[in-house]
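A.B. asks: curious how this folds, go ahead:
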Amino acid sequence: MFKQGPGGKFFNGKENEHFEGVMHTLQEWANDEQKLEFLRKFGWLMKDEAVKAYSAMFKPKK
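C.D. replies: Model prediction:
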């Protein structure tokens, strides 16, 4: 799992320049079961429709 640090901006003499933050590794998965568990919990946050559908199958019923 990754986390992007804060970006920023600075003035280069002509205009404001923007830069992205540094990517940090929070967790590495050792096996496929850990990857699937992550997708079940957080797949709904991703932009991939197949992953969202997979995550929705494990959504708790109200």
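A.B. asks: low pLDDT regions in this structure?
C.D. replies: For the chain, the stretches flagged by pLDDT under 70 are 1.
A.B. asks: which stretches in it count as strands?
C.D. replies: 2-4, 8-11, 16-19, 23-25 (DSSP state E).
A.B. asks: now do the longest helix along the chain: which elements does it pack against?
C.D. replies: Looking across the chain with DSSP state H, the single longest helix is helix 32-42. Applying 3 or more CB pairs under 8 Å, 6 or more residues apart in numbering; DSSP states H and E, one finds that helix 32-42 contacts helix 49-56. Placement of C-beta: from N, CA and C, glycine included.
A.B. asks: could you give the bridge partners of Phe10?
C.D. replies: With DSSP bridges as the criterion, Phe10 is bridged to Glu17.
A.B. asks: what about it, distance to Phe19?
C.D. replies: 8 Å (CB to CB, to the nearest Å).
A.B. asks: now the longest helix of the chain: buried residues?
C.D. replies: Judged by neighbour count using 16 or more other CB atoms under 10 Å, the buried positions of helix 32-42 are Leu39.
A.B. asks: using CSV, write down the CA coordinates of it.
C.D. replies: As requested, the backbone C-alpha atoms of helix 32-42 are provided in CSV (Å, rounded to 0.1, in the frame of the first residue of the first chain):
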residue,chain,number,x,y,z
ASP,A,32,-2.3,-13.4,-2.8
GLU,A,33,-4.6,-13.8,0.2
GLN,A,34,-3.4,-10.5,1.6
LYS,A,35,-3.9,-8.8,-1.7
LEU,A,36,-7.4,-10.1,-2.0
GLU,A,37,-8.2,-9.0,1.6
PHE,A,38,-7.1,-5.5,0.7
LEU,A,39,-9.2,-5.4,-2.4
ARG,A,40,-12.3,-6.6,-0.4
LYS,A,41,-11.9,-3.8,2.1
PHE,A,42,-10.7,-0.9,-0.1
